[in-house]
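Asker: got a sequence here, can you model it:
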Amino acid sequence: MTRKKRRDAVENHERLLVAAFDILADRGPDLSVRETALRSGLGVGTAYRHFATHEDLIRAVYDRALTQVGAVLMQETAADSAWGELCMRLESVTLAIADVPAVRTVMRRMHEIDPSYSPANAAAVVVARLIRAAEEEGTLRAGITPADLAVTAFALASLVGRPTELERAMLRRHLAIVLDGLRADGPSGELPPSPMSIEEFHTFVHRANSPSLDYRHEGAGA
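Answerer: Predicted coordinates for the structure are as follows:
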């Protein structure tokens, strides 16, 4: 009997998270434990046993979104070169982010709750490895950072949520155009200075639309 209850709890937790993502996709930032319960078909008391507060719900949705995107990043590829692997993984991650409803909304709320919470830093290690391999192969232009690739993925993915097949094809097309600009064997100008660190990217992609007061002070007078 205990085992059955544990399985039911896992299934209910999943139903609540699916409902939360659906609400975010339909309406944006307004998300409550009560409405999530109603959307899932579960009782309000059951929902509060899983998420005692609104902040607990946001953290769970945030963790699920990062887990989904991270799993895609870690998947094996059939690439026969470092450049091919980088391209495949960047495309997969871009589409995975687009498939997560209102991911930026969740990021902003999580940043308000706990700005130091950054479980995705491990992904930067994987991206850094891809960059090093492509540079050593001679296919990636010098100076590209993990944050550069992350900005590309988020910029394209933010254009549409839960894309249709036609929209996914559009995202792939524009990603291919961007990737051509990353190649080492084509004409390229000098990159602007001061690429973002991973910590700066975290603030950049999580913050609200009004810039943080402590973000890049040195640029305030520019």
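
Asker: make it CA atoms for all contacts and neighbour counts henceforth
Answerer: Fine.

Asker: C-terminal to the lengthiest helix in the chain, what's the next element?
Answerer: As assigned by DSSP state H, the longest helix anywhere in the chain is helix 2-27. Going down the chain from helix 2-27, the next helix or strand is helix 33-40, by DSSP states H and E.

Asker: chain center to that next one: distance?
Answerer: Distance of helix 33-40 from its chain centroid, counting by C-alpha atoms, centre = their mean, to the nearest Å, is 24 Å.

Asker: what helices or strands is it leaning on?
Answerer: Applying 3 or more C-alpha pairs under 8 Å, 6 or more residues apart in numbering; DSSP states H and E, one finds that helix 33-40 contacts helix 2-27, helix 44-50.

Asker: the shortest one packs against which elements?
Answerer: The reference is to helix 44-50. Applying 3+ C-alpha pairs under 8 Å, 6+ apart, we find helix 44-50 packed against helix 33-40.

Asker: the helix it packs on: which residues count as buried?
Answerer: Neighbour-count burial for helix 33-40 flags 33, 34, 35, 36, 37, 39, 40 (criterion: 16 or more other C-alpha atoms under 10 Å).

Asker: picking that back up, so which of the helices and strands packed on helix 33-40 comes closest to residue 99?
Answerer: helix 2-27 (10.0 Å; C-alpha to C-alpha).

Asker: ok, now how distant is residue 143 from residue 193?
Answerer: According to C-alpha to C-alpha, to the nearest Å, residue 143 and residue 193 sit 10 Å apart.
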